[in-house]
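Need a 3D model of the sequence below.
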Amino acid sequence: MVVHALARAVTLGAVLLALVSAAPAGAQTAVRVLLDGRIDVLGAPFLLAQERGYFRAENLDVSLEPGTGSRDAVARLAAGDHHLGVGDINTLIRMRDENPAVDLKAVFMLQDAPPFAVIGRKSRGLSEDPSSLAGKVIGASSADGAAAQWPVYRALAKLEAAAARIESVGLAVREPMLASGELDAVFGSAVSTPVVLRSRGVPADDLVVLAMRDAGLQLYGDAVLATGAFARENPDALRAFLRALSRGMRDAVADPAAAVDAALRRNEQLRREVENERLLRAVQTVHVTPWVRENGWGGVDPARFARAIEQIGLAFGFRQKPQVADVFTGEFLPDPEDRRID
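The predicted structure is shown next:
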């Protein structure tokens, strides 16, 4: 497994990054951050924190680098390529089971609700009933978190193992192949994938979004992940980073137009109307949930997290089931009042 192999590469790269980032007193701390995909509006909290000087005010020199998927980000972080990153928490849970020596933890939950979904077309025989997936061809990218949850979703929705044929596709061609009729459905994000498909000419009334959480999926989504080396060498810098990020999140929610502008300045290929809708859907469905409104963003509900780990075990069978504390720590979170929704 590619993720398994990369996870065991936590050696020289992580040590070197820790040495580089351990800056003298008074100097800025360098922080390399790997995003989970291209620069777009879903990374707006990071972009705004950088543009508005929030990182700089915390004495941090932050570089934001595009990634190639939320699952791939976990493997690259585990290999020591970056200090921090945005990655799929569920991939980390499985990785820690396969290799308990992986020195990586989630430190800030970004997606309180999982965006994972199967998105299909009514014209290809899909309906809101998961059983309509029987016999269909579903495009799956190995870099995408939703595809990885298919065995869990299948168990929760009581679908047969051979209910559908899974076809491996690249992340970049996933939506185009569904739009052109080469696939019946794809694994993707309930936030982004329908918006992208409509921008490619698929009629809104032809789309079906089977959100996995509707079948009882308890999983979380993307989180900020930190290498153990960086957290140990720079605990104050990590706390400062999350304070600045929390300010960026507040700005993105309060001023969506500014968030979209920040993304467009960094990526001229983006379309304003598409990014506007993606941000709105993200805020409403995965970021600002009822739990987040009550408790603030960044943290987790330990009982729910434990249930999520149990659900992953339904499909994958842990060697030694990780505990919540093995995967997530709230040690570096900003004060609760700094994480509240205004």
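
ok, the closest residue to Pro130 other than its chain neighbours - contacts?
Setting aside the residues directly before and after it, Pro130 is nearest to Ala157 in space (Cβ to Cβ, 6 or more residues apart in numbering), at 4.1 Å. For glycine as for every other residue, the C-beta is placed from the backbone atoms N, C-alpha and C. Listed by Cβ atoms under 8 Å, 6 or more residues apart in numbering, the contact set of Ala157 reads Pro130, Ser131, Ala215.

Tell me if I'm right that the second one and Arg154 touch.
The one in question is Ser131. No. Ser131 lies out of contact with Arg154 (Cβ atoms under 8 Å); the separation is 11.2 Å.

what's the overlap in contacts for those two?
Listed contacts common to Ser131 and Arg154 are Ala163; contacts here mean Cβ under 8 Å, 6+ apart.

Just want to know which of the two has more residues nearby.
Neighbours per residue (other Cβ atoms under 10 Å) separate Ser131 from Arg154, with Arg154 holding more: 20 against 11.

Look up how far Gln269 lies from the more buried one.
Distance check for Arg154 against Gln269: by Cβ to Cβ, to the nearest Å, it reads 35 Å.

secondary structure class for the closest residue to Ser132 other than its chain neighbours?
By the measure of Cβ to Cβ, 6+ apart, the closest residue to Ser132 outside its immediate chain neighbours is Leu126, 5.2 Å from it. Using DSSP: H, G, I helix; E, B strand; the rest coil, the structure places Leu126 in coil.

and Leu126, what is it in contact with?
Contacts of Leu126 (Cβ under 8 Å, 6+ apart): Gly120, Ser132, Leu133, Lys136, Asp184, Ala185, Val208, Leu210.

can you check Ile89 too?
Listed by Cβ under 8 Å, 6+ apart, the contact partners of Ile89 are Ala106, Met109, Leu219, Tyr220, Gly221, Asp222, Ala223, Val327, Phe328.

Determine which two of the contacts of Leu126 are furthest apart.
Asp184 and Leu210 (12.1 Å; Cβ to Cβ).

what touches both of these two?
Counting by Cβ under 8 Å, 6+ apart, the shared contacts of Asp184 and Leu210 are Gly120, Leu126.

Compute the distance between the residue nearest to Pro130 and Gly216, please.
With distances defined as Cβ to Cβ, the gap from Ala157 to Gly216 amounts to 9 Å.

likewise Met95?
Distance, Met95 to Gly216, by Cβ to Cβ: 24 Å.

So which of those two has more stuff around it?
Met95 (26 against 13).

Wait, that one touches Ala73, no?
No. No contact is recorded between Met95 and Ala73 when judged using Cβ under 8 Å, the distance being 11.6 Å.

Tell me where the chain has strands.
Here the chain has its strands, by DSSP state E, at 29-34, 60-65, 84-88, 104-109, 116-121, 137-140, 165-168, 185-189, 207-211, 222-227.

Rounded mean pLDDT for stretch 185-203, please.
Averaging pLDDT along stretch 185-203 yields 96.

Show me which positions of that stretch end up buried.
Neighbour-count burial for stretch 185-203, counted by 16 or more other Cβ atoms under 10 Å, picks out 185-198, 202.

and which of those is nearest Asn295?
Proximity of the buried residues of stretch 185-203 to Asn295 (Cβ to Cβ) peaks at Val191, which lies at 21.3 Å.

re earlier: and which of the contacts of Ile89 is nearest Phe46?
Using Cβ to Cβ, the shortest approach to Phe46 within those belongs to Asp222, at 11.9 Å.

Show the contacting residues for the closest one.
Taking Cβ under 8 Å, 6+ apart, one finds Asp36, Ser70, Val86, Gly87, Asp88, Ile89, Leu110, Gln111, Gly145 in contact with Asp222.

Could you save these as a markdown table and add columns showing pLDDT?
Compiled in a markdown table, the contacts of Asp222 are given as follows (pLDDT from 0 to 100):
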| residue | pLDDT |
| --- | --- |
| Asp36 | 93 |
| Ser70 | 90 |
| Val86 | 97 |
| Gly87 | 95 |
| Asp88 | 95 |
| Ile89 | 96 |
| Leu110 | 97 |
| Gln111 | 97 |
| Gly145 | 86 |
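
Ok, which of the strands of the chain comes nearest Met177?
When the strands of the chain are compared for distance to Met177 using Cβ to Cβ, the nearest one is strand 137-140, at 5.7 Å.

before we move on, back to that, I'd like the strands of the chain as CSV, with distance to Leu242 appended.
Converted to CSV, those look like this (distance: least, Cβ to Cβ, whole Å):
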stretch, distance to Leu242
strand 29-34, 11
strand 60-65, 11
strand 84-88, 9
strand 104-109, 5
strand 116-121, 25
strand 137-140, 33
strand 165-168, 36
strand 185-189, 24
strand 207-211, 28
strand 222-227, 7
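
Compare these and give me the one nearest Phe305.
Closest approach to Phe305 among these is made by strand 104-109 (9.1 Å; Cβ to Cβ).

which helices and strands does that closest one pack with?
Here strand 104-109 touches helix 70-78, helix 89-98, strand 222-227, helix 228-233, helix 235-254, helix 324-327, going by 3 or more Cβ pairs under 8 Å, 6 or more residues apart in numbering; DSSP states H and E.

now these in JSON lines, with distance to Arg165?
As requested, the helices and strands packed on strand 104-109 are exported to JSON lines (distance: least, Cβ to Cβ, whole Å):
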{"stretch": "helix 70-78", "distance to Arg165": "21"}
{"stretch": "helix 89-98", "distance to Arg165": "23"}
{"stretch": "strand 222-227", "distance to Arg165": "28"}
{"stretch": "helix 228-233", "distance to Arg165": "40"}
{"stretch": "helix 235-254", "distance to Arg165": "39"}
{"stretch": "helix 324-327", "distance to Arg165": "32"}
